[in-house]
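Trainee: Sequence first, predicted model second:
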2 protein chains.
Amino acid sequence: MPEPIRLLLADDHPVVRAGLRAVLDTEPDFAVVGEAATAEAAVSLAATGGFDVVLMDLQFGPGMHGAQATAAIAAVAGAPRVLVLTTYDTDADILAAVEAGAAGYLLKDAPPEELAAAVRTAAAGQSALAPAIAHRLMDRMRAPGEALTGRELEVLRLVREGLSNQEVSKRLFLSQATVKSHLVHIYAKLGVDSRTAAVAVATARGLIRGGAHR
Amino acid sequence: MPEPIRLLLADDHPVVRAGLRAVLDTEPDFAVVGEAATAEAAVSLAATGGFDVVLMDLQFGPGMHGAQATAAIAAVAGAPRVLVLTTYDTDADILAAVEAGAAGYLLKDAPPEELAAAVRTAAAGQSALAPAIAHRLMDRMRAPGEALTGRELEVLRLVREGLSNQEVSKRLFLSQATVKSHLVHIYAKLGVDSRTAAVAVATARGLIRGGAHR
DNA sequence: CCCGCGATCAACCTTTCGGTTGACGGCAGC
DNA sequence: GCTGCCGTCAACCGAAAGGTTGATCGCGGG
């Protein structure tokens, strides 16, 4: 093996970094040559060169998000390929990663072989999506009618904050009738029949941003 | 060191198990002698004996929850000590773990030294709480009026999933009157006046776990 | 040009939810 | 043994939310 694939691990959990190193460093054609505990550190390190593939977590503590870091790294010509490796598979996360220029999207519960295969695929310049993720993207393409309009999302976000119909109407300078009208359409598209259920489904699908991170 | 501390790792992520093994097996007085990818497997393995401390994740995929497994293991006399090791520090998770009989509660972003120290503390028969967790429990003690009871959290979690009062009552084998009663108390404690607002506030404060579950 | 659709609003009705009051058994602490 | 607190339930009422029909306006595409 003349030229091993040089890897940078970006994850805020020391245990996960150790696990990735343990799993990947045993592969003869891989070489873990760097670690970053924050998204900012990952961007800085990646800019120095010397990496072929970055394994990027999405959730870091405070500060930069993994998707932002992915975009920052991928923006540079000749930059390493970024492979997003996260715990969750919400639509919002997947979409953000893909738009940021990620070469792949993997879940942390993936078996080691799948992980290694994805790294090789990314290193070869191709896209590597986990089967479950690919399936999710296909679903989105196939069902455009279920997508919420901009106004509906706006209403739903306020509902998520716990506002009543009247409060939403005031906030958006609408009548309550209009708010109810939007909600009825939202319920139909999401297949639910209450505001709380709509928030739950929309959050689960990643249609609206998740809540508080500390 | 005549008798190393024998560890059982219970986590559904292969990467995390590998990471824990890498971090802990290097300690001279530790010996990782078992792994479990599901909560059920952890309970079975623990019952066979031969372990001093179980490192238990809370979130497994489908099937048994880590807290249930913790309770099952801790119920047996002479059973190993269970150290809960999870990503989240919500009140609901902490409460469930402590009530299940966990010897400690750690976060996965803890540095390896802290992790090792907690394992030794647990093996010695003492309680090991991460500083952030201890602080949270102190808060609960100090302001008992504002803290939600176990039953109230249970109701609130179902409300978060979008269930109506009637659905919650069926799920918990209660009357709707009782569900409403719990909700009224929850509203008073959180300072809100609707189920949606309660979910929003509780999520923001970390009383219930946010985000998607698949 | 007209059709569809998003956005807006009104009137009406039914169901659910929120709020109150009151009650009972159990259990821990004083 | 009494006092709280938790958990359970009932009856009642007003308010909010859900559901339906129907209507207007503006805009972009066939």
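Mentor: Nice, thanks for sending it over. Numbering: from 1, shown residues only, chains lettered A, B, ... in the order given.

Trainee: Quick one: residues contacting the closest residue to A:Ala102 other than its chain neighbours.
Mentor: Of all residues not flanking A:Ala102 in the chain, A:Val84 sits nearest, at 4.5 Å (CB to CB, 6 or more residues apart in numbering or on different chains). Heads up, the C-betas are built off the backbone N, CA and C, glycines and all. Applying CB atoms under 8 Å, 6 or more residues apart in numbering or on different chains, we find A:Val84 in contact with A:56-58, A:66-67, A:70, A:97, A:102, A:104-106.

Trainee: Point out the least confident one among those residues.
Mentor: Lowest pLDDT within these is found at A:Ala97 (79).

Trainee: State the number of residues packed around A:Leu174.
Mentor: A:Leu174 has 17 neighbouring residues, counting by other CB atoms under 10 Å in any protein chain shown.

Trainee: so where does it fall, helix or strand?
Mentor: Under DSSP states H and E, no helix or strand contains A:Leu174.

Trainee: Pretty sure it sits against A:Val168.
Mentor: Yes: with contact defined as CB atoms under 8 Å, A:Leu174 counts as touching A:Val168 (7.5 Å).

Trainee: just to revisit the earlier point, just name the closest of the contacts of A:Val84 to A:Leu20, please.
Mentor: A:Asp57 (9.8 Å; CB to CB).

Trainee: now the closest one, nearest residue through space, not along the chain?
Mentor: A:Asp11 (4.2 Å).

Trainee: ok, now how distant is the one you found from A:Gly104?
Mentor: 16 Å (CB to CB, to the nearest Å).

Trainee: next one: A:Leu55
Mentor: Taking CB to CB, one finds A:Leu55 at 10 Å from A:Gly104.

Trainee: A:Leu8 should be in a helix, yeah?
Mentor: No: membership of A:Leu8 in a helix is not supported by DSSP: H, G, I helix; E, B strand; the rest coil, which gives strand.

Trainee: Name all residues that make contact with it.
Mentor: By CB under 8 Å, 6+ apart, the neighbours of A:Leu8 are A:32-36, A:42, A:45-46, A:51, A:53-55, A:80.

Trainee: just for chain A, where's the confidence low?
Mentor: Within chain A, the stretches with pLDDT under 70 are A:1-2, A:89-92, A:130-146, A:209-214.

Trainee: Looking at chain A, which residue is nearest DNA strand D?
Mentor: A:Ser164 (2.9 Å; CB to the nearest atom of the strand).

Trainee: follow-up on the earlier one: can you confirm the residue nearest to A:Ala102 is in a strand?
Mentor: Yes: A:Val84: assigned to a strand according to three-state DSSP.

Trainee: follow-up on the earlier one: counting neighbours, go ahead and name the busier of A:Leu55 and A:Gly104.
Mentor: A:Leu55 (27 against 23).

Trainee: A:Ala10 is in contact with that one, correct?
Mentor: Yes: with contact defined as CB under 8 Å, A:Leu55 and A:Ala10 form a contacting pair (6.5 Å).

Trainee: got the contact list for A:Gly125?
Mentor: A:Gly125 touches A:Arg81, counting by CB under 8 Å, 6+ apart.

Trainee: wait, is it part of a strand?
Mentor: No: A:Gly125 is assigned coil when assessed by three-state DSSP, not a strand.

Trainee: State the distance from it to B:Ala10.
Mentor: From A:Gly125 to B:Ala10 the distance is 38 Å (CB to CB).

Trainee: A:Ala42 too?
Mentor: 30 Å.

Trainee: Ok, A:Ala96 next?
Mentor: Counting by CB to CB, the gap from A:Ala96 to B:Ala10 is 32 Å.

Trainee: If you count surrounding residues, which of these two has more?
Mentor: Taking other CB under 10 Å, A:Ala96 and B:Ala10 do not tie; B:Ala10 has more neighbours (31 against 21).

Trainee: which non-adjacent residue is nearest that one?
Mentor: That would be B:Ala42: by CB to CB, 6+ apart, it lies 3.7 Å from B:Ala10.

Trainee: Spatially central residue for chain A, please.
Mentor: A:Asp93 (2.5 Å; CA atoms, centre = their mean).

Trainee: residues touching that one, list them.
Mentor: A:58, A:67, A:86, A:206.

Trainee: what about A:Met78, neighbour count?
Mentor: If you look again at residue A:78, you'll see it is Gly, not Met. 5.

Trainee: And it, its phi and psi?
Mentor: With angles defined as degrees, to the nearest 10, A:Gly78 sits at phi 70, psi 10.

Trainee: quick one, helices of chain A?
Mentor: Residue ranges of the helices in chain A, as given by DSSP state H, are A:14-25, A:39-47, A:66-74, A:91-100, A:112-123, A:131-142, A:150-160, A:165-171, A:176-190, A:195-204.

Trainee: out of these, which comes closest to B:Leu158?
Mentor: Nearest of these (CB to CB): helix A:195-204, 10.1 Å.

Trainee: Convert that closest one to PDB, retaining C-alpha atoms only.
Mentor: The C-alpha trace of helix A:195-204 is given here as PDB (Å, rounded to 0.1, in the frame of the first residue of the first chain):
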ATOM      1  CA  ARG A 195     -51.000  21.500  16.600                       C
ATOM      2  CA  THR A 196     -48.900  19.500  19.100                       C
ATOM      3  CA  ALA A 197     -48.800  16.500  16.800                       C
ATOM      4  CA  ALA A 198     -47.900  18.800  13.900                       C
ATOM      5  CA  VAL A 199     -44.900  20.100  15.800                       C
ATOM      6  CA  ALA A 200     -43.900  16.600  16.800                       C
ATOM      7  CA  VAL A 201     -44.000  15.300  13.200                       C
ATOM      8  CA  ALA A 202     -42.400  18.300  11.700                       C
ATOM      9  CA  THR A 203     -39.600  18.200  14.200                       C
ATOM     10  CA  ALA A 204     -39.100  14.500  13.700                       C
END
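
Trainee: buried set for it?
Mentor: A:195-204 (16 or more other CB atoms under 10 Å in any protein chain shown).

Trainee: cool, and stretch A:74-84?
Mentor: In stretch A:74-84, counting by 16+ other CB under 10 Å, buried: A:74, A:79-84.

Trainee: so which two of these are the farthest from each other?
Mentor: Of all pairs in those, the most separated under CB to CB is A:Ala79 and A:Val84 at 14.7 Å.

Trainee: What about the nearest residue to A:Val43 once chain neighbours are set aside, how many residues nearby?
Mentor: Excluding its sequence neighbours, the residue lying closest to A:Val43 (CB to CB, 6+ apart) is A:Ala72, at 4.8 Å. By the criterion of other CB under 10 Å, A:Ala72 has 21 neighbours.
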